[in-house]
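Visitor: build me a structure from this.
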Amino acid sequence: MKLKKFGATEQKVYELVKPITDELGYFLWDISYVKEGAVWYLRVFIDRDEGISIDDCEKVTEPVNAVLDEADPIKQSYMLEVGSAGLERELLKEEHFEVCIGDRVRIRFIRTVDGEKEISAVLKGCDKNSITVETENGEEKICRLDDIAFVKLWFDFE
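Guide: Numbers count the residues shown, from 1 in each chain. Sure thing, here's the model as predicted:
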């Protein structure tokens, strides 16, 4: 797993959108600019402790749309979508890991590590090369990012 770095377009959009989300009381989780079929999508993912509703997405969409129209950082046409990062979101950036310390995560490994392909544990720390978790039996485990396919927040709904 490599920590996500923004492309040039995503970075420009991040710099324009971050002050808006900060002012409105939201955490800017991620920016994604992708082509699906013939259409380009600019996706802005937001979060806050209380969760995200449709009203929150609408509240953010209007000022984001206005600033993007004014700055015009993307020359081709695209569809703007503002949405929740999701309950079981993927942790992609170092700051994601930092804000999720103490939360339960699901880690899927690229190949079997210590006899396991996937584990659920509590996130205890992170650095540029690894994450530290506490397993259900209280064992501290260091997982190298190079061995990881993905890390997602994990909620047991049972």
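Visitor: C-alpha coordinates for the helix or strand of the chain with the lowest mean pLDDT, CSV please?
Guide: Lowest by mean pLDDT, DSSP states H and E among the helices and strands of the chain is helix 94-99, with a mean of 92. The C-alpha trace of helix 94-99 is given here as CSV (Å, rounded to 0.1, in the frame of the first residue of the first chain):
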residue,chain,number,x,y,z
GLU,A,94,-1.1,9.8,6.7
GLU,A,95,-3.5,12.3,8.2
HIS,A,96,-6.3,9.7,7.8
PHE,A,97,-4.4,7.3,10.0
GLU,A,98,-3.6,10.0,12.5
VAL,A,99,-7.3,11.1,13.0
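Visitor: what helix or strand is residue 65 located in?
Guide: helix 54-71 (DSSP states H and E).
Visitor: for that helix, buried residues please.
Guide: 56, 57, 59, 60, 64, 68 (16 or more other CB atoms under 10 Å). Bear in mind the C-beta positions are built from the backbone N, C-alpha and C, glycine included.
Visitor: name the residues of stretch 31-46 that are buried.
Guide: For stretch 31-46, by 16+ other CB under 10 Å, it's 31, 32, 33, 42, 43, 44, 45, 46.
Visitor: how about residues contacting whichever strand or helix holds the fourth one?
Guide: Residue 42 belongs to strand 39-47 when elements are defined using DSSP H and E. Residues outside strand 39-47 that contact it (CB atoms under 8 Å, 6 or more residues apart in numbering) are 13, 17, 21, 26-35, 52, 56-57, 60, 64, 68, 74, 76-86, 89.
Visitor: narrow those to those in helices?
Guide: Among the contacts of strand 39-47, the ones falling in helices (DSSP state H) are 13, 17, 21, 56, 57, 60, 64, 68.
Visitor: so what touches stretch 151-158?
Guide: Residues contacting stretch 151-158 (CB under 8 Å, 6+ apart): 1, 87-91, 97, 100, 103-107, 120, 123, 131.
Visitor: and those, which of them are in strands?
Guide: Among the contacts of stretch 151-158, the residues falling in strands (DSSP state E) are 104, 105, 106, 107, 120, 123, 131.
Visitor: selection in PyMOL covering whichever of these are buried, please.
Guide: In PyMOL, this line selects whichever of the ones in strands among the contacts of stretch 151-158 come out buried by 16+ other CB under 10 Å:
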select buried, resi 104+105+106+107+123+131
